[in-house]
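Novice: Here you go, sequence then predicted model.
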Amino acid sequence: QVHLVESGGGLVQAGGSLRLSCAASGRTFSTYTMGWFRQAPGNEREFVASISWSGRSTRYADSVKGRFTISRDNAKNTLYLQMNSLNAEDTAVYYCAASDTLSVSSTRPYDYWGQGTQVTVSS
């Protein structure tokens, strides 16, 4: 079992940046594949980015590639999402998720989820 808590969301102008964090507690964070997902009002939750347990492998949704960067600090049990060049379409609740069985390329559901943090981009 792992407990995930996101932070860092807020209101930002289009073109701006935000850095989300996800603090993990419980079982060994460094063994988990981690991911970021988002859900905009009226939309299904969608994949944003994922990272392997070592941090050496990452994957991004096409919509954020080149603008967002996922990273992790296993010593701090923390996952990050650096978001640059934000636009109104990035407005959503952002969730971090963990899995001890999935690979970074998997599209299957993750095992553990945080409560989400709101990101609002004003145009």
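Specialist: On my side now, so go ahead.
Novice: need the contact list for Val119.
Specialist: 9-10, 12, 18, 20, 38, 83, 86, 90-94 (Cβ atoms under 8 Å, 6 or more residues apart in numbering). In this view, the C-beta of every residue, glycine as well, is placed from N, C-alpha and C.
Novice: Quick check on these: which are buried?
Specialist: Among the contacts of Val119, those classed as buried by 16 or more other Cβ atoms under 10 Å are 9, 12, 18, 20, 38, 83, 86, 90-94.
Novice: Tell me which residue is most central in this protein.
Specialist: Trp36 (2.3 Å; Cα atoms, centre = their mean).
Novice: do you know how far it is from Ala61?
Specialist: 9 Å (Cβ to Cβ, to the nearest Å).
Novice: the strands in the chain, which residues?
Specialist: In the chain, the strands defined using DSSP state E lie at 2-7, 10-13, 18-26, 33-39, 46-51, 58-60, 68-73, 78-83, 92-99, 112-113, 117-122.
Novice: Select, out of those strands, the one closest to Ser105.
Specialist: With Cβ to Cβ as the criterion, Ser105 lies closest to strand 58-60 of the strands of the chain, at 6.0 Å.
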